[in-house]
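Novice: Below is the sequence, then the predicted model.
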Amino acid sequence: MEAAAAPEDFGEAFPGRYWRTLDDGRVQCDLCPRLCRLHEGQRGLCFVRARHAGRMVLTTYGRSSGFCVDPIEKKPLNHFLPGTPVLSFGTAGCNLTCKFCQNWDISKARSFDRLADRASPEAIAKAARRLGCRSVAFTYNDPVIFLEYAVDVAQACHEAGIKTVAVTAGYISDEPRHEFYRHMDAANVDLKAFSEDFYWRLCTASLGPVLETLKYLKHETDVWFEITDLLIPGENDSEAEIEEMTQWLMENLGPDVPVHFSAFHPDWKMLDKTRTPTSTLTRSRAIALKNGLGHVYTGNVHDIEGDSTYCRSCGALLIGRDWYELSTWTLDDEGHCRACGSLCAGVFDGPPGTWGRKRQPVRMGRPARRSARGA
């Protein structure tokens, strides 16, 4: 937990959900499995949830580290409205402590100076429509820690006909998990490894709750989701671990959930590691395909075969990709393979978009300036 803050630091904070008062007078945050127990003025490990005036508050409601229009494939989502633009934003903080974090300047932020924009849920929905975005993504840092804001934005987006996407590590407790995903249309879940040792040493977390999230998404929701595994040399890239992980995915989630093996580059507190060789990604992809997974991709490297989507029934090329540019498209408007008629799992609504690899920064509303009234 963070040290106690001055009361004015929480002057504009939003009432948080999922907490209780303990017998010893501390407040326990029940949002994620960390169960942070806070005295007055303390923040949880995520930094953005805090105790103020005897209750739990969210200190980043309505405040963002920035907005940008991205290709949906960058999330990465390859089977959700391909080729379309998505309005992306995050806030600050994280409930994991990954030493290899590749968005560390946002997720590890301990200063609200990172929060450049203010935007109401309605303003975000209107901006998405104005910019021609089919969806809004909560990304750059984990949206479960700003659940109240994400849910309100999702509701405003749905009223405007805009879908919502969560890019998350899936580290959330059972009750808030139900509320959070009830408002999401799609998700990419970062499965960081397939060992408790990795999660504890490098993330000070545990694997179990993430697996529970994946099973929940598959068997109890209609959320379209895909999985990303960042392969770090010498940490989570052994053939044995990839075998065990992909067998578990096949047995528990089935063959249609896309899996993205992504290349690590040295960052944050893991500058001593080398970049992931492309051969590690292609080997992992081959293992996953052998174990029955139907849609397996390689990420953060230039690999047209590993970027592209193939029919799980007949092997035909369905969606050709070169980075984020779409080329070949042999699906009908409902997602059936034109060669054999089989349905490709995903969310396909009409022809593909043409956004490509463009990235468009967006300014929203007034700057989120720190004032004497608080955060």
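Specialist: Cool, got the structure. Given the structure is predicted, the values throughout are model-derived calculations rather than measurements. Numbering: from 1, shown residues only.
Novice: who's in contact with residue 344?
Specialist: Residues near residue 344 by C-beta atoms under 8 Å, 6 or more residues apart in numbering: 79, 309, 311, 312, 318, 331, 335, 336, 337. Glycine gets a C-beta too; all of them are placed from N, C-alpha and C.
Novice: Need those in JSON lines (columns: distance to residue 147).
Specialist: JSON lines is the format used below for the contacts of residue 344 (distance: C-beta to C-beta, whole Å):
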{"residue": "79", "distance to residue 147": "25"}
{"residue": "309", "distance to residue 147": "32"}
{"residue": "311", "distance to residue 147": "37"}
{"residue": "312", "distance to residue 147": "34"}
{"residue": "318", "distance to residue 147": "35"}
{"residue": "331", "distance to residue 147": "34"}
{"residue": "335", "distance to residue 147": "31"}
{"residue": "336", "distance to residue 147": "36"}
{"residue": "337", "distance to residue 147": "38"}
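Novice: just the buried members of these?
Specialist: Neighbour counting over those (16 or more other C-beta atoms under 10 Å) leaves 79, 309, 311, 312, 318, 331, 335, 336, 337 as the buried ones.
Novice: Relative to residue 64, which of the residues you listed is nearest.
Specialist: Within the buried ones among the contacts of residue 344, distances to residue 64 taken as C-beta to C-beta reach their minimum at residue 79, with 27.1 Å.
Novice: For the stretch 1-150 of the chain, which segments count as strands?
Specialist: Counting by DSSP state E, counting those that start in this stretch, residue ranges of the strands within the stretch 1-150 of the chain are 14-15, 19-21, 27-29, 37-38, 49-52, 55-58, 63-64, 66-71, 85-90, 117-118, 135-138.
Novice: Please flag which of the buried ones among the contacts of residue 344 sit within strands.
Specialist: Within these, residues falling in strands by DSSP state E are 309, 318.
Novice: With distance to residue 102 and pLDDT added, can I get the buried ones among the contacts of residue 344 in a markdown table?
Specialist: Below are the buried ones among the contacts of residue 344 laid out as a markdown table (distance: C-beta to C-beta, whole Å; pLDDT from 0 to 100):
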| residue | distance to residue 102 | pLDDT |
| --- | --- | --- |
| 79 | 23 | 98 |
| 309 | 25 | 98 |
| 311 | 32 | 98 |
| 312 | 30 | 97 |
| 318 | 29 | 98 |
| 331 | 32 | 97 |
| 335 | 31 | 96 |
| 336 | 36 | 97 |
| 337 | 35 | 98 |
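Novice: just the buried ones among the contacts of residue 344 now: which is nearest residue 62?
Specialist: For those, the closest approach to residue 62 (C-beta to C-beta) belongs to residue 79, at 31.6 Å.
Novice: Distance check, the nearest residue to residue 331 once chain neighbours are set aside against residue 294.
Specialist: With C-beta to C-beta, 6 or more residues apart in numbering as the criterion, residue 331 has its nearest non-adjacent residue at 5.4 Å, and that residue is residue 318. Distance of residue 318 to residue 294, computed by C-beta to C-beta, to the nearest Å: 11 Å.
Novice: Of all the helices and strands in this structure, which has the lowest average confidence?
Specialist: Within the chain, confidence by mean pLDDT, DSSP states H and E is lowest for helix 104-107 among all helices and strands, at a mean of 60.
Novice: roughly how far apart are the residue nearest to residue 331 and residue 326?
Specialist: 11 Å.
Novice: now the helices for the stretch 1-150 of the chain?
Specialist: Counting by DSSP state H, counting those that start in this stretch, one finds helices in the stretch 1-150 of the chain at the ranges 104-107, 121-130, 147-159.
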